[in-house]
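Chemist: sharing a model that was predicted from the sequence below.
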Amino acid sequence: MHNEPIEPLLPLFERERAAGNAFALGVLLHTAGSTYRKPGALILLASNGEYAGLLSGGCLEGDLAEHARAVIGSGVPKMVSYDTRGPDDLLWGLGIGCEGAMQILLLRLDAQRDWQPLTHLALALASHKKAAVGIVTESASADLPVGSIALPDSAHDPLVQAAIQKSTASVDVGWLESPGGKLFLLPLWLPPRLLLLGAGPDVLPVLDFASRLGWKVTLVDHRDAYAQPSRFPAAEAVVLCRPDAIERAIELRGFSAAVVMSHHLPSDLAYLRALAASDIPYVGLLGPPARRERLMQELGPLTERLLPRLHAPVGLALGGRSPESIALAIVAEVHAFVHGVQKGR
């Protein structure tokens, strides 16, 4: 099971760390039945009750904050369980009716522990590098108590190192069990990197939707009036270059998806030539089927390399013709692709 983004936690994390405050990290370990989030989801809770991240639709967070205060005060990790599958849900006064159960481990993060594991994961995210950590959830050893953090460079057990490496590569949460205890493997989910080729006005809602999801977006255009960073403050980069020079202007390796939407036929053809030679797994092309066929004819032999990855016309069939509707369709299709969901499912 793939893990989920940590970006929603970072503003509160950075603020509390800068102030030198201790806070609690909630790690969702187990779920059963219908639950809002799945194992690996995180929540950050400050001592004043403020929190970042959600483990439910806001139903459990207030109660969890009370447990977090105790953990912040004592430094002792705590396992908290919720089961909303029966009448006990009403007895607790929660009345959620979600018909699910969750087990959450609360840990105190502070300067003495270098605010791990969030420090390690945040640094990896900043450099867009895969990472994973291990969290001890059960232990028979006083030298390795519950809540201990195993980092890749500090794990001495070869089995632990191998498990962390496997979780890093797969981006899957998991477990390592031994007679002496259990280790929860928490990987970092890296946000997709989206390349938008063309920076016209209709790109703005695409960038808006993508940035709300935490994606890293690079925009490219050959027109001075369009390739202005001030127009796209949420973009990771805005690049001014000729379409036939894109391979020299930016490193195409590492993008999760690219969408060609310059509305300029010669430019789109040049972009498609570069993308055909790249390894970007998803290539979207804006425009009707007739435009796609014309471009494919002009692309010639490179078409064979591009077609298996080409989504044209780009976007899911959601209806609507406004720029916002088209942007939603584009981002929805890319979202489904990067999460391994096939069309029609």
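Modeler: Structure received.

Chemist: ok, residues contacting the longest helix seen in the chain?
Modeler: Among all segments of the chain classified by DSSP state H, the helix with the greatest residue count is helix 323-338. For helix 323-338, contacts defined as CB atoms under 8 Å, 6 or more residues apart in numbering pick out 192, 194, 201-202, 204-206, 208-210, 213, 256-257, 259, 281-282, 284, 286, 311, 314-320, 342-343. Yep, even glycine has a C-beta here, placed from its N, CA and C like the rest.

Chemist: just the buried residues of those residues.
Modeler: The neighbour-count criterion (16 or more other CB atoms under 10 Å) marks 192, 194, 202, 204-206, 208-210, 256-257, 259, 282, 284, 286, 311, 314-316 among these as buried.

Chemist: name the element the nearest residue to residue 232 once chain neighbours are set aside belongs to?
Modeler: Counting by CB to CB, 6 or more residues apart in numbering, the nearest residue to residue 232 once its immediate chain neighbours are dropped is residue 238, at 5.4 Å. According to DSSP states H and E, residue 238 maps onto strand 237-240.

Chemist: quick one: strands adjacent to that strand?
Modeler: Using DSSP bridges, the strands paired with strand 237-240 in its sheet are strand 216-221 (parallel).

Chemist: who's in contact with the strand it pairs with?
Modeler: Counting contacts by CB under 8 Å, 6+ apart, the residues outside strand 216-221 that touch it are 128, 191-200, 203, 207, 210-211, 227, 232, 234-241, 246, 249-250, 255, 262.

Chemist: now it: average pLDDT?
Modeler: Strand 216-221 shows a mean pLDDT of 96 in the predicted model.

Chemist: chain center to it, what's the gap?
Modeler: From the chain centre to the centre of strand 216-221 is a distance of 18 Å (CA atoms, centre = their mean, to the nearest Å).

Chemist: so what are the domain limits for the chain?
Modeler: If the domains of the chain are taken from automatic domain parsing, they occupy 7-187, 193-338, with pieces of a single domain joined by a plus sign.

Chemist: quick check: residue 176 is in a strand.
Modeler: Yes. Using DSSP: H, G, I helix; E, B strand; the rest coil, the assignment for residue 176 is a strand.

Chemist: is it true that it touches residue 166?
Modeler: No. With contacts defined as CB atoms under 8 Å, residue 176 does not count as touching residue 166, sitting 9.4 Å away.

Chemist: strands of the stretch 151-300 of the chain, residue ranges please.
Modeler: Along the stretch 151-300 of the chain, counting by DSSP state E, counting those that start in this stretch, strands occupy 174-178, 181-187, 193-197, 216-221, 237-240, 257-260, 283-285.

Chemist: could you list the low-pLDDT ranges of the stretch 151-300 of the chain?
Modeler: Counting by pLDDT under 70, the stretch 151-300 of the chain shows no low-confidence range.

Chemist: ok so, going back, neighbour-wise, which of residue 176 and residue 166 wins?
Modeler: For residue 176 and residue 166, the more surrounded residue by other CB atoms under 10 Å is residue 176, and the numbers stand at 20 against 15.

Chemist: how far away is the more buried one from residue 6?
Modeler: Distance from residue 176 to residue 6, counting by CB to CB, to the nearest Å: 21 Å.

Chemist: now swap in residue 311 and tell me
Modeler: Between residue 311 and residue 6 the distance is 29 Å, computed by CB to CB.

Chemist: residue 119 too?
Modeler: In this structure, residue 119 and residue 6 are separated by 11 Å, where distance is defined by CB to CB.

Chemist: same check on residue 16?
Modeler: Between residue 16 and residue 6 the computed distance is 15 Å (CB to CB).

Chemist: chain center to stretch 181-200: distance?
Modeler: What separates the centre of stretch 181-200 from the centre of its chain is 4 Å, taken as CA atoms, centre = their mean.

Chemist: try stretch 196-205
Modeler: Going by CA atoms, centre = their mean, the spacing between the C-alpha centre of stretch 196-205 and its chain's C-alpha centre is 22 Å.

Chemist: only alpha carbons, please: show it as CSV.
Modeler: Below are the C-alpha coordinates for stretch 196-205, written out as CSV (Å, rounded to 0.1, in the frame of the first residue of the first chain):
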residue,chain,number,x,y,z
LEU,A,196,3.5,21.8,-18.9
LEU,A,197,4.6,22.8,-22.4
GLY,A,198,2.9,26.0,-23.1
ALA,A,199,2.2,28.8,-20.6
GLY,A,200,-1.0,30.4,-22.0
PRO,A,201,-3.9,31.6,-19.8
ASP,A,202,-5.5,28.1,-19.8
VAL,A,203,-2.5,26.8,-17.9
LEU,A,204,-3.3,28.7,-14.8
PRO,A,205,-6.2,26.5,-13.6
